[in-house]
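Asks: Dropping the sequence and predicted coords here.
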Amino acid sequence: MKKNITVILGDGIGPEVTQQSIKVLNAIGEQYGHQFTYSYQLMGADAIDKTGNPLPDETVESCLKTDAVLFGAIGHPKYDNDPTAKVRPEQGLLKLRKSLQLFANIRPITIYPSLHHLSPLKSKALEDVDMVIYRELTGGIYFGKKTLNKEGTQASDDCVYTIEEIERIAHLAFKNAQQRRKKLTLVDKANVLETSRLWRKVVQQLASQYADVAVDYMFVDNASMQIILNPKQFDVILTENMFGDIISDEASVLSGSLGLAPSASVGKGTALFEPIHGSYPQAAGKDIANPIGSILSAAMMLDHFEMYNEAQVVRNAVAWTLQSGFVTKDIDPINNYSTSTIGDLIRDFIENKLPSDVNRQNIALSKSTII
Ligand SMILES: NC(=O)c1ccc[n+]([C@@H]2O[C@H](COP(=O)([O-])OP(=O)(O)OC[C@H]3O[C@@H](n4cnc5c(N)ncnc54)[C@H](O)[C@@H]3O)[C@@H](O)[C@H]2O)c1
Ligand SMILES: CC(C)[C@H](C(=O)O)[C@@H](O)C(=O)O
Ligand SMILES: [Mg+2]
């Protein structure tokens, strides 16, 4: 199969983690006879520096005509620390999600037994944890009207949802629940917010079409606690944009690190695949960031191409590195390997180039300092 992929490296650690995914995709192409070609495009602070625009038109045009988008991360401290900046890297990502009508962001949380010790939870609480968060991505408070009065003393962000916006992601989440453990939890704040009451009403109405799925409803404050207290109760979590952003970073640490968590954004236009983490500027250019979130996002892209076996091979390769102790410093602060070494090992595993006796002594430890 031939696939053309728009690659947006972005800012901070975006380029270095995405380059590992490209190594992995090329290895898959080589082994399984696929041809992946890449169109590199700009977004974020990098795009502002080069063009003045966080999302140049060429980037959107490329995304619209390619088979998928692989994205690293955007964001830069010079904007994070300047609340008055009118042009910001994040505007590029939000506009791209809107332009591609990517209304559903799917964030699976996978637990690896070899990393139990890194989780803030006891090993027992992690057994059987396997959840996926369906985060609405093109509505809610992110996209409502924003105001700041002339004096700069009062600001507002409107949170707006329509029935149609809720229904279309809810259908995807229900369908996925049918393929999984048949449980869907709507996370909202229906005791306070009108938009959340609309979410509840719509989901209650849809539930009868999915009679085999058990539905429950949880307020977001309680859900934040339950994710830590008893995460195995969750199967599919459905939630609005901002709640999904927050609880998915929280849930990611159950697996051991935010750097492990992938995502797929799907909707009406070209699907986009990105790790859930940001540009982690403190690590930029140091070859220490965890590339697994990006590599597992590439595996989700392979699933999207219906290359299911190939996606599984990537997941097996990732699991092998984690079990073997080939991990970055977010996982092991003492004995750790560089971003690019992890990418090389996963590529070599896929290409069957690793000697069977490969062990930690054969591979150089990362020389970078702990930050
Ligand atoms: N999708 C995106 O592009 C995206 C997502 C979140 C944040 N951001 C942007 O990123 C910038 C930094 O934001 P932040 O510091 O709040 O979030 P962040 O996700 O970049 O980093 C938070 C912390 O998570 C850990 N971390 C993140 N990615 C990691 C990785 N691959 N390997 C190891 N550890 C990792 C680090 O400890 C880091 O300090 C901001 O400009 C923000 O707007 C972008
Ligand atoms: C950078 C920011 C706009 C983005 C979001 O809030 O959606 C990020 O946190 C994410 O999770 O992808
Ligand atoms: Mg986020």
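Replies: Great, that's in hand. Residues are numbered from 1 along each chain as shown. Ligands and ions are numbered 1, 2, ... in the order given.
Asks: just checking, residue 32 touches residue 310?
Replies: Yes: the criterion here is C-beta atoms under 8 Å, and residue 32 meets it with residue 310 at 5.4 Å. C-betas here are computed from N, CA, C, even on glycine.
Asks: residue ranges for the strands of the chain, please.
Replies: Using DSSP state E, the strands of the chain run over 2-10, 35-41, 68-73, 104-110, 130-136, 146-148, 155-157, 183-188, 214-219, 236-239, 264-266, 272-273.
Asks: is ligand 1 contacted by the shortest one?
Replies: No: Strand 272-273 is not in contact with ligand 1 by C-beta under 6 Å from any ligand atom; minimum separation 10.1 Å.
Asks: what does that strand rub up against?
Replies: 63, 68-71, 96-97, 100, 102, 262-265, 297-298, 300-301, 304 (C-beta atoms under 8 Å, 6 or more residues apart in numbering).
Asks: neighbouring strands for it, and are they parallel or not?
Replies: strand 68-73 (parallel), strand 264-266 (antiparallel) (DSSP bridges).
Asks: hmm, back to that, could you name the stretch from the strands of the chain that's closest to residue 353?
Replies: Residue 353 lies closest to strand 35-41 among those, at 19.1 Å (C-beta to C-beta).
Asks: what's that closest one packed up against?
Replies: strand 2-10, helix 14-32, helix 57-65 (3 or more C-beta pairs under 8 Å, 6 or more residues apart in numbering; DSSP states H and E).
Asks: quick revisit: with mean neighbour count added, can I get the strands of the chain in a markdown table?
Replies: Formatted as a markdown table, the strands of the chain follow (neighbours: other C-beta atoms under 10 Å):
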| stretch | mean neighbour count |
| --- | --- |
| strand 2-10 | 22 |
| strand 35-41 | 16 |
| strand 68-73 | 26 |
| strand 104-110 | 22 |
| strand 130-136 | 23 |
| strand 146-148 | 10 |
| strand 155-157 | 11 |
| strand 183-188 | 24 |
| strand 214-219 | 16 |
| strand 236-239 | 27 |
| strand 264-266 | 23 |
| strand 272-273 | 26 |
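Asks: before we move on, the earlier item: between residue 32 and residue 310, which one's more packed in?
Replies: residue 310 (21 against 14; other C-beta atoms under 10 Å).
Asks: quick one: the more buried one from residue 274, how far?
Replies: Noted for residue 310: a distance of 19 Å to residue 274, by C-beta to C-beta, to the nearest Å.
Asks: which stretch among the helices and strands packed on strand 35-41 comes nearest ligand 2?
Replies: Of all the helices and strands packed on strand 35-41, strand 2-10 sits nearest to ligand 2, with 10.1 Å by C-beta to the nearest ligand atom.
Asks: Which other helices and strands does the closest one contact?
Replies: helix 14-32, strand 35-41, helix 57-65, strand 68-73.
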